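Peer 1: Sequence below, structure please.
(4 chains)
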Protein chains: 2
Amino acid sequence: METHAVRTQAEARDLVPTSEPRWLNEREHEVWLALRHLLWGLQPAVDRQLLHDSGLSGPEYSVLATLTENPDGVLRSGTAARMLGWGRSRLSHLLRRMEGKGLISRACSPEDGRGQDIALTPAGREAIIEAAPGHVGFVRSIVFDALTPEQQDSLLVACQRISAAIEASGAIECDADGGPCDAEPTA
Amino acid sequence: METHAVRTQAEARDLVPTSEPRWLNEREHEVWLALRHLLWGLQPAVDRQLLHDSGLSGPEYSVLATLTENPDGVLRSGTAARMLGWGRSRLSHLLRRMEGKGLISRACSPEDGRGQDIALTPAGREAIIEAAPGHVGFVRSIVFDALTPEQQDSLLVACQRISAAIEASGAIECDADGGPCDAEPTA
DNA sequence: GCCATGAACTTGACGCATCAATCTTATGGG
DNA sequence: CCCATAAGATTGATGCGTCAAGTTCATGGC
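Peer 2: From the prediction side, this is the model:
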C-alpha cells in the first residue's frame, strides 16, 4: 500500500531502468489515498459495531446470514463457501470455532460422504436475528445517510468497474482448489 | 456483513419488536453488496500482487513507504504509527518481524528514552524501490484505467463522505491509547 | 529529591486468513 | 473389481491485527 510519496517515486524513477513510467498524478494519488482510507476504515468499523453490539464477529455474521437465506438453515459446506466467495479452508476454520460456540452444527452429508452439512442451531438463529437490526442500521448510517442517491449510484458503478478490473486482472483466487470462482452470489 | 437476504429481514421484522424499521431497499442492498465485494476484493488483490512480485506484504510496503517519505529514512515509532493511522501495537508486531528480515532496524531514541527510532536499512530501501513500479502500475490498471476522470471524482467524494461518517460515528479507535487519531497524514 | 501520573513502546493471547499438505470418498477407465 | 484421479473437506504452520496487560521512562507537583 501507501502509493508512497513523491520522494519515493522520484528515487525509483531515477534508480531503476523501469518500463513503468505511469506514476500517479496528484489528483489520482488523492483518490487512491481516500479509497485506501475507506478500505482500512469501513471493514473494521462494521466488524467492531457487530462484535460490540451482538458478540458476533463479521465473518460469523456472514456465515449465519448465508445459512439464514436457506429456508431450513442447512447448507453443504462447499456451497456456503461458494456463496460467500471464500475458500474452503477459511470456512472450515471458522466453522470449527462456531461449532464450539454452538452457533452452528455439522453432520456428514447423507448424499455425498465427502461433504458436511452445516446447520443453523436455534442459538445461531437467535443470534443473527438479534444482530441484524443494529447491523443494518449502522450500515445505513455510515453509507446511505452520508450519500445522495446520485452519489450512491456513482459509487455502485465505480465499485462494479473496479471489481471487474480485479477479476479480469487474473486474480484467480478461490482457495487452492480450482473452483469456478462464482462470486456475486448473494445478489 | 452480509446484509442478509430478504428472508432474514422479514424474519427479524416479524420476531423482534425492534425500533429499527429502516431496512435496505433493493437498490441500497445492491450498492452495499458491490461495496462489500470491492472491500473484500481490492485489498487482497493489491497485497497479493505485491507479495508475488516483490516479496513484500502489504503492511510491510506501507511501513517502508512511510519511512522513505523521510529524507534520512528514520522515524520514531509513534510518529510512523500516527502517519499510518495504525495502533502502536500493530506496528510493533510488524516491526519485530521486519527487523528479523533485515528491512528495518530499531534503536533507542537518544532524545526520549521511551522511544524507538526505526530506520530503513539498505535492503529495505532496495526492496521498496524495486516494488514501487509494479505496485503503482497495478493500482493504475485496477482503479484508474477502469474509471473515467468524472467517475474518479465521484468515487473520491463518496469515499470521503463515508470515511467522515465512520469517524463521526464514534469510531474512536487508535489502539488502546488516547492518541488524537490523526488520520489523513500522507496527503 | 520523591512520587504520582501518564506517555511510548512491547508482549502475550487470541481470532482470523492463507498456503500447503493430508485424508476421505466418488467416479470413471481398464 | 481395481486403481488413478479428482472433488470435498480438514489440519497445521505462519503471518497479521486487536485487545488487554505490562515495562520503561519523562514530567510536574510537593
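
Peer 1: quick check, the longest helix along chain A touching DNA strand D?
Peer 2: Across chain A, the longest stretch assigned as helix under DSSP state H is helix A:26-54. Yes - applying CB under 7 Å from any atom of the strand, one finds helix A:26-54 touching DNA strand D at A:44, A:48. The way it works is simple: take the backbone N, C-alpha and C, and place the C-beta from them, glycine included.

Peer 1: Does at least one residue of that helix sit close to DNA strand C?
Peer 2: No - using CB under 7 Å from any atom of the strand, helix A:26-54 never reaches DNA strand C; the gap is at least 8.1 Å.

Peer 1: what's the helix or strand for whatever residue of chain A ends up closest to DNA strand C?
Peer 2: Minimum separation of chain A from DNA strand C (CB to the nearest atom of the strand) falls at residue A:113, amounting to 2.4 Å. In this structure, residue A:113 sits in neither a helix nor a strand according to DSSP states H and E.

Peer 1: ok, now residue A:118?
Peer 2: In the assignment (DSSP H and E), residue A:118 maps to strand A:116-120.

Peer 1: Have a look at chain A and report the helix or strand with the lowest mean pLDDT.
Peer 2: The helix or strand of chain A with the lowest confidence, counting by mean pLDDT, DSSP states H and E, is helix A:6-15 at a mean of 46.

Peer 1: what sits against residue A:53?
Peer 2: Taking CB atoms under 8 Å, 6 or more residues apart in numbering or on different chains as the criterion, residue A:53 is in contact with A:131, A:134.

Peer 1: do that again at 7 Å, thanks
Peer 2: In this structure, residue A:53 makes contact with residue A:134, judged by CB atoms under 7 Å, 6 or more residues apart in numbering or on different chains.

Peer 1: Please apply the same query to residue A:116.
Peer 2: When contacts are taken as CB under 7 Å, 6+ apart, residue A:116 is in contact with A:77, A:106, A:108, A:109.

Peer 1: and chain A, which residues reach DNA strand D?
Peer 2: Proximity of chain A to DNA strand D is confined to A:44, A:48, A:76-79, A:81, A:88-89, A:91-93, A:95-96, A:106, A:109, A:112, A:114-116, A:177-179 under the rule CB under 7 Å from any atom of the strand.

Peer 1: before we move on, back to that, what are the pairing partners of the strand holding residue A:118, and which direction each?
Peer 2: With DSSP bridges as the test, strand A:116-120 is paired with strand A:74-76 (antiparallel), strand A:104-108 (antiparallel).

Peer 1: could those strands go into JSON lines alongside distance to residue A:121?
Peer 2: As requested, those are arranged in JSON lines below (distance: least, CB to CB, whole Å):
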{"stretch": "strand A:74-76", "distance to residue A:121": "11"}
{"stretch": "strand A:104-108", "distance to residue A:121": "6"}
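
Peer 1: Let's have those strands in a markdown table, adding distance to residue B:65, mean neighbour count and mean pLDDT.
Peer 2: A markdown table is the format used below for these (distance: least, CB to CB, whole Å; neighbours: other CB atoms under 10 Å in any protein chain shown; pLDDT from 0 to 100):
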| stretch | distance to residue B:65 | mean neighbour count | mean pLDDT |
| --- | --- | --- | --- |
| strand A:74-76 | 42 | 17 | 93 |
| strand A:104-108 | 41 | 16 | 93 |
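
Peer 1: Would you check that residue A:95 makes contact with residue A:107?
Peer 2: No - Residue A:95 is beyond contact range of residue A:107, at 11.9 Å (criterion: CB atoms under 7 Å).

Peer 1: so where is chain A shaky, pLDDT-wise?
Peer 2: Low-confidence regions of chain A, defined by pLDDT under 70, span residues A:1-21, A:170-187.

Peer 1: now with 90?
Peer 2: For chain A, the stretches flagged by pLDDT under 90 are A:1-23, A:70-73, A:108-115, A:167-187.

Peer 1: Closest residue of it to DNA strand D?
Peer 2: Distances from chain A to DNA strand D, computed as CB to the nearest atom of the strand, single out residue A:78 as the nearest residue at 2.1 Å.

Peer 1: if I've got this straight, that residue is in a strand?
Peer 2: No - the assignment for residue A:78, made by DSSP: H, G, I helix; E, B strand; the rest coil, is helix rather than a strand.

Peer 1: what's the distance between it and residue A:27?
Peer 2: Separation of residue A:78 from residue A:27 (CB to CB, to the nearest Å) stands at 44 Å.

Peer 1: Show me which of the residues of chain A next to DNA strand D are buried.
Peer 2: The neighbour count (16 or more other CB atoms under 10 Å in any protein chain shown) marks A:76, A:77, A:78, A:79, A:81, A:88, A:91, A:95, A:109, A:116 as buried among these.

Peer 1: Residue A:22 should be in a helix, yeah?
Peer 2: No - according to three-state DSSP, residue A:22 belongs to no helix; its state is coil.

Peer 1: how many neighbours does it have?
Peer 2: As a burial measure, the neighbour count of residue A:22 was computed by other CB atoms under 10 Å in any protein chain shown and equals 14.

Peer 1: can you pull the contacts of it?
Peer 2: When contacts are taken as CB under 7 Å, 6+ apart, residue A:22 is in contact with B:137, B:140.

Peer 1: That one and residue B:145: what is the separation?
Peer 2: Separation of residue A:22 from residue B:145 (CB to CB): 9 Å.

Peer 1: cool, residue A:35 as well?
Peer 2: 14 Å.

Peer 1: For these two, work out which one has more neighbours and name it.
Peer 2: residue A:35 (22 against 12).

Peer 1: from memory that one sits against residue B:159, does it?
Peer 2: Yes - in terms of CB under 7 Å, residue A:35 counts as a neighbour of residue B:159; the distance is 5.4 Å.

Peer 1: What residues does chain A have near DNA strand C?
Peer 2: Counting by CB under 7 Å from any atom of the strand, the positions of chain A adjacent to DNA strand C are A:57-60, A:86-87, A:89-90, A:93-94, A:97, A:112-114, A:173, A:175-176.
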